[in-house]
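Sequence plus the predicted model coming up.
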Amino acid sequence: MNTQIPNNTIRQLLILLIILMLGVVLFLHLRFFLPAFLGAYTLFVIMRKFMFRLVGTYKWNKNLAAATLMLISFLLILFPILLLINLMSSRISFAIEHSGEVLNSIKSLINTYEKRFGIVILSNSNIEKMGSTVGEMLPGILGATFNSVLSILVMYFILYFMLVDGKKMEASFFESVPLKDENLIMLRKDLNLLVYSNALGIPLIAILQGIVALIGYIIIGVKEPVFWFVITCIGGMLPVIGAALGYIPLALLFFQQGDSGKGIIMLFYGFLVIGMVDNLFRLILQKKWGDVHPTITIFGVLAGISLFGFIGLIFGPILISLFLLLIKIYINEFTTAKNYDPPTK
């Protein structure tokens, strides 16, 4: 007896196949704008309450409210970037003007450690490799700068329409998602927590670490402490390395200058005070926004940097957390929970 597939099932499968093919084509050609979309959604989650309050409570015009919030967020994001560029450009210009002195000091530092540990670091082949590596990195740096500017422009373009049509967008999304109401509520709540814990939590902890480090740098007598504060903040957002990106080089510089006392104090202050700040502030923030497991942060940052560049520090952990959240929703939606009875002796 031959069984025939119902025509309705065939049509449904064909439509799903066409949708899937079109989705793959669109993703492949628009994947460059994925960081811009993620950034726009992140800012929307953070600003949606302010937007709804301005429009609903204070009766602002939607366009004016959206433009005001976008301008404030742009200034808050742009100011640290401009500060970093200003600090780094001054160091680069100084290095170019005093390239000979800089190279001699670097060689002196390296020779000291070569003699102390009996290893060869600065050989002719290594110098050639460093030169070729720098030459290969420059076009990539210029391209990344252009892509970052373009992504920011597209991000704010998307964000404008999200803010203006936020309620309609959310209603349409949750109506079209074929999930139970309880899973929709969980999805919305956990998505907001993911954004807050990653987009706000990671930079906030890094800044707090940088402030604690800055206090120590000033007390110990570090030259140009603001510059090292910025380096520590950047390191604080990186997994594994952390704020040690700031205080370990400082300790090595003190040792190289013959000031072993400050070098030892710098190491103790870094490991015991700056390092513990991360755990303390993370414990406080996880009570408010939820906990993100360190392994999610590490693998998320690695995947995010590979996909999106530096901005992947924020979006990588969000993607992995979202992946795990969808698995949780799938289990809750389509499977029956099983009670596990541990074996008894």
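Thanks, I have it. Numbering: from 1, shown residues only.

quick one: the helices in the stretch 101-250 of the chain?
124-164, 166-176, 181-195, 201-220, 225-236, 244-256 (DSSP state H, counting those that start in this stretch).

Just give the number of residues close to M276.
Residues near M276, counting by other CB atoms under 10 Å, number 12. All C-beta spots, glycine's among them, are computed from the backbone N, C-alpha and C.

Tell me the spacing between it and F229.
Distance of M276 to F229, computed by CB to CB, to the nearest Å: 18 Å.

what does G316 give?
Taking CB to CB, one finds G316 at 25 Å from F229.

can you check I314 too?
20 Å.

circling back: mean neighbour count for the helices of the stretch 101-250 of the chain - can I get that in TSV?
Formatted as TSV, those follow (neighbours: other CB atoms under 10 Å):
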stretch	mean neighbour count
helix 124-164	13
helix 166-176	12
helix 181-195	16
helix 201-220	20
helix 225-236	21
helix 244-256	20
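
From M186, how far out is P317?
P317 is 19 Å from M186, where distance means CB to CB.

Ignore what I typed, I meant F50.
F50 is 24 Å from M186, where distance means CB to CB.

now do K49
Separation of K49 from M186 (CB to CB): 20 Å.

Repeat that for T9.
Counting by CB to CB, the gap from T9 to M186 is 31 Å.

Same check on P249?
45 Å.

repeat for F334
According to CB to CB, F334 stands 15 Å off from M186.

cool, Y247 as well?
Following CB to CB, the distance that separates Y247 from M186 is 41 Å.

dump the residue contacts of the closest residue to E182 other than its chain neighbours.
Take E182 and drop its neighbours on the chain: the residue closest to it by CB to CB, 6 or more residues apart in numbering is N332, 7.8 Å away. Residues near N332 by CB atoms under 8 Å, 6 or more residues apart in numbering: 180, 182-183, 186.

let's see it at 10 Å
By CB atoms under 10 Å, 6 or more residues apart in numbering, N332 lies in contact with 179-180, 182-183, 186.

show me where pLDDT drops low in the stretch 201-345 of the chain?
239-240, 283, 285-294, 309-311, 336-345 (pLDDT under 70).

phi, psi of L272?
phi -90, psi -30 (degrees, to the nearest 10).

So what's the residue count around it?
By other CB under 10 Å, the residues close to L272 number 9.

For it, give its distance to L326.
Per CB to CB, L272 is found 40 Å from L326.

One more: A65?
For A65, the distance to L326 equals 32 Å [CB to CB].

more crowded one of these two?
Between A65 and L326, counted using other CB under 10 Å, A65 has the larger neighbour count: 22 against 13.

for that one, what are its contacts?
The neighbourhood of A65, defined by CB under 10 Å, 6+ apart, consists of 47, 50-56, 58-59, 163-164.

change it to 8 Å
Each residue near A65 by CB under 8 Å, 6+ apart is listed here: 51, 54-55, 163.

L245 and C233 touch, don't they?
No - counting by CB atoms under 8 Å, L245 stays clear of C233, with 9.6 Å between them.

how far away is the residue nearest to G246 when sequence neighbours are not counted from G270?
Closest residue to G246 apart from its sequence neighbours, by CB to CB, 6+ apart: T232 at 3.2 Å. Distance from T232 to G270, counting by CB to CB: 9 Å.

what's the helix or strand where S306 lies packed up against?
Assigned by DSSP states H and E, S306 belongs to helix 294-308. The criterion is 3 or more CB pairs under 8 Å, 6 or more residues apart in numbering; DSSP states H and E, and the helices and strands that helix 294-308 contacts are helix 34-56, helix 312-334.

Rebuild the ones you listed as TSV, extending it with distance to A303.
Listed next are those as TSV, based on distance: least, CB to CB, whole Å:
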stretch	distance to A303
helix 34-56	13
helix 312-334	5
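
Indicate which one of the ones you listed is closest to K115.
The closest of the helices and strands packed on helix 294-308 to K115 is helix 312-334. By CB to CB, the value is 37.9 Å.
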